[in-house]
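Asks: What would the 3D arrangement of this be:
(2 chains)
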Protein chains: 2
Amino acid sequence: MKKIINDPSNVVPEMVDGLVRSYPQYLRQLPDTQAVVRADEDSMADKVGIVSGGGSGHEPAHAGFVGKGMLSGAVCGQVFTSPTPDQIYEAIKAADHGKGVFLVVKNYSGDVMNFDMAKDLAEVDDIETKTIVVDDDIAVEDSLYTQGKRGVAGTILMHKILGAAADKGASLDDLEKLAQEVLPNLKTIGIALHAATVPEVGKPGFELKDDEIEYGVGIHSEPGYKREKIKPSKEMAEELLGQIDKTLNLDGSKKYAVLVNGMGATPLMEQYIFAHDLLDLLKEKKIEPAFMKVGNYMTSIEMAGLSLTILELKDDQWLDYLNYPVETIGW
Amino acid sequence: MKKIINDPSNVVPEMVDGLVRSYPQYLRQLPDTQAVVRADEDSMADKVGIVSGGGSGHEPAHAGFVGKGMLSGAVCGQVFTSPTPDQIYEAIKAADHGKGVFLVVKNYSGDVMNFDMAKDLAEVDDIETKTIVVDDDIAVEDSLYTQGKRGVAGTILMHKILGAAADKGASLDDLEKLAQEVLPNLKTIGIALHAATVPEVGKPGFELKDDEIEYGVGIHSEPGYKREKIKPSKEMAEELLGQIDKTLNLDGSKKYAVLVNGMGATPLMEQYIFAHDLLDLLKEKKIEPAFMKVGNYMTSIEMAGLSLTILELKDDQWLDYLNYPVETIGW
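Replies: You can find the predicted model right below:
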């Protein structure tokens, strides 16, 4: 294992400290936690707070999306490990400005359980919370750490849409309704060229041969749905888009947002080439994305690979929310 | 070689196409070139244009920094290869709005020569140009592709400062003076954990053993100044900061901008941990950066490693320029 770290058991506190101190204009760390909230308290006044989080190793998710117009707070668990309920609770308290707090949780059993316990703690304090559990990964049903589908990069578009709505004054009920409307239209699938190494484990989560790729892999090295010899980017794009097409029935008369998300070690060069192939394939279907982003948003430490997320924009307001200005490090 | 590409000889045209079509709100590709200019022509009216570029493989540099408040255009050469004079010339013509064009060139022999030839072509058209050759890398004197010091990640801060000044109406002479004042205060040094693989070459630019790192490596796999066993992040930070200290004489009474730049395959987790160690070391010198950024700005395809750039802010206006709002993909 070759990494720029110190003690493997300290990576999360050192990382969070480095992040917050590098960007004090955006972020503040809650004392005795690995929870991060907006430095700009004023931007949260009279608004519903939005809190997300999960295991670390997915940077810039989620702390990099804390800022005006997006998240109020993010809780950083140990690497690939759910944050604890007490820390989520602290973030909820800090994010509450009298209008309640909306929780965006990726669908992993530990995250769902711990956010649920934090919700119970907050209720004792009369802080109202509601939750969306994001399960955008269409690759597999059930997985190593999940019942049902996994939550992956589509979560970032969920953050963005809810964050904009909250900033414009949406109530907790409005946000719940919005999140529930967005979710079934949000689909992601990924591909890996090599796995990530959790610092405390010291070796990659799985092994791929020099000429192998795996389709549908999770962001914690969970297995995907097939392993094949490496192919040209265009054929990878065909496979991933084909899988999404099966669930969204892509149609040139509809509007879509597209996120090409690098997994951590994949250079932008490769992500842009994949985007080129993807846009050609979409063009054949007479689709030109109404919104698109390419880059590292929900990574898996130094996994090589990428994921494709497509959101069918059933409501033009969702597009406005995606384009709404934010002040974050990661968007 | 395991990459998300198609034909290795097509990576640059496919990449540029993917980039521009993913972000049509920011970028426009000049016909029959790999040169990219601002989509928003109006933002360049009555202003000095700023054009940069160089070999590809450093994404988001330079095309990702094209946009209001930063570059007017960027020319993408083949991977690790200077763009041709005719393409640079096309970018200069597109960037000229009657006030001339300022060229930001990294110090590699090919880039310097080709930008110079493009400058001559532009002069025939009565387009006035001036140039800064950035040589911020303090690691080595002369190198594989350079006489003198190499131009590396500090170039991004140069783009940012000049871009803001141009947007606020600086003349070509103003920009030349500003660039010449900034340059001697801008210092960078890097470290690599593994090298990049140029697609058309198919194997890494150099080999490091599983426990080796190289200090002072260039962004095209040029040799550095020493190779050692891997160390904790804190010791890497001590080494890099120590080298910069020798040239800048860091002093708690002065102001600094800091850029921690990932080389492509190094996850943000490691960059933030390095930032944590760096900020601790700076604190011992009673320095708190006036401006700081951490992330992938000037990469070397999928090289693992990072670089540290420090700019002594001799003028408070430079800080204002760094904080000046921009509309780009990469900043």
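
Asks: show me where chain A has helices.
Replies: In chain A, the segments counted as helices under DSSP state H are A:11-22, A:85-95, A:109-124, A:154-167, A:172-182, A:233-248, A:268-284, A:316-323.

Asks: Skipping adjacent residues, who's closest to A:Ser43 in space?
Replies: Computed as CB to CB, 6 or more residues apart in numbering or on different chains, the closest residue to A:Ser43 that is not its neighbour in sequence is A:Lys68, at 4.1 Å. C-beta: built from backbone N, CA, C; applies to glycine.

Asks: Can you give me the pLDDT of the one you found?
Replies: pLDDT recorded at A:Lys68 is 97.

Asks: quick revisit: want to throw the helices of chain A into TSV with mean pLDDT, distance to B:His276 and mean neighbour count?
Replies: Formatted as TSV, these follow (pLDDT from 0 to 100; distance: least, CB to CB, whole Å; neighbours: other CB atoms under 10 Å in any protein chain shown):
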stretch	mean pLDDT	distance to B:His276	mean neighbour count
helix A:11-22	98	3	23
helix A:85-95	98	19	24
helix A:109-124	97	25	18
helix A:154-167	98	24	26
helix A:172-182	98	34	18
helix A:233-248	98	36	19
helix A:268-284	98	25	23
helix A:316-323	98	32	17
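
Asks: related to what we said a few turns ago, so the residue nearest to A:Ser43 makes contact with A:Glu41?
Replies: No: here A:Lys68 lies out of contact with A:Glu41, judged by CB atoms under 8 Å, at a distance of 10.7 Å.

Asks: what about the two, which has more around it?
Replies: A:Lys68 (19 against 12; other CB atoms under 10 Å in any protein chain shown).

Asks: what's the nearest residue to A:Tyr108 if we skip its chain neighbours?
Replies: What sits nearest to A:Tyr108 in space, not counting adjacent residues and going by CB to CB, 6+ apart, is A:Tyr145, at 4.7 Å.

Asks: Can you name the residues that contact that neighbour?
Replies: Taking CB atoms under 8 Å, 6 or more residues apart in numbering or on different chains as the contact definition, A:Tyr145 lies against A:Tyr108, A:Ser109, A:Gly110, A:His220, A:Glu222.

Asks: ok, now how distant is it from A:Leu157?
Replies: In this view, A:Tyr145 and A:Leu157 are 22 Å apart by CB to CB, to the nearest Å.

Asks: now do A:Val20
Replies: Where A:Leu157 is concerned, A:Val20 sits at a distance of 25 Å (CB to CB).

Asks: Likewise for A:Gly100?
Replies: From A:Gly100 across to A:Leu157, the span is 22 Å (CB to CB).

Asks: Repeat that for A:Thr33.
Replies: Distance of A:Thr33 to A:Leu157, given as CB to CB: 27 Å.

Asks: What of A:Asp120?
Replies: Going from A:Asp120 to A:Leu157 by CB to CB gives 28 Å.

Asks: Please apply the same query to A:Leu322.
Replies: Using CB to CB, we find A:Leu322 at a distance of 7 Å from A:Leu157.

Asks: any common contacting residues for the two?
Replies: Listed as contacting both A:Leu322 and A:Leu157 by CB under 8 Å, 6+ apart are A:Ala257.

Asks: Which residues of the stretch 151-300 of chain A lie near chain B?
Replies: Neighbours of chain B within the stretch 151-300 of chain A, by CB under 8 Å from any CB of the partner chain: A:191, A:193-194, A:210-211, A:213, A:230, A:232-234, A:236, A:260, A:264-279, A:292-296, A:299.

Asks: Go again with 6 Å.
Replies: When proximity is defined by CB under 6 Å from any CB of the partner chain, the stretch 151-300 of chain A lies next to chain B at A:193, A:230, A:232-234, A:264-265, A:267-270, A:272-276, A:279, A:292, A:294.

Asks: can you pull the pLDDT of the residue nearest to A:Tyr108?
Replies: 83.

Asks: Give me the phi and psi angles of it.
Replies: Torsion angles at A:Tyr145 (phi, psi; degrees, to the nearest 10) stand at phi -120, psi 20.

Asks: how much space between it and B:Trp331?
Replies: The spacing between A:Tyr145 and B:Trp331, counted by CB to CB, is 36 Å.

Asks: In the stretch 1-150 of chain A, what residue lies closest to chain B?
Replies: A:Gly18 (3.3 Å; CB to the nearest CB).

Asks: so what's that residue closest to, chain neighbours aside?
Replies: Excluding the flanking residues, the one nearest A:Gly18 by CB to CB, 6+ apart is B:His276, at 3.3 Å.

Asks: So A:Asp111 is in contact with A:Pro83, correct?
Replies: No: using CB atoms under 6 Å, A:Asp111 is not in contact with A:Pro83, being 7.9 Å away.

Asks: Enumerate the residues of the stretch 1-150 of chain A near chain B.
Replies: Counting by CB under 6 Å from any CB, the residues of the stretch 1-150 of chain A lying close to chain B are A:2-6, A:14-15, A:17-19, A:21-22, A:59-60.

Asks: Looking at those residues, which two lie furthest apart in space?
Replies: Farthest-apart pair in those is A:Lys2 and A:Arg21; separation 25.2 Å (CB to CB).
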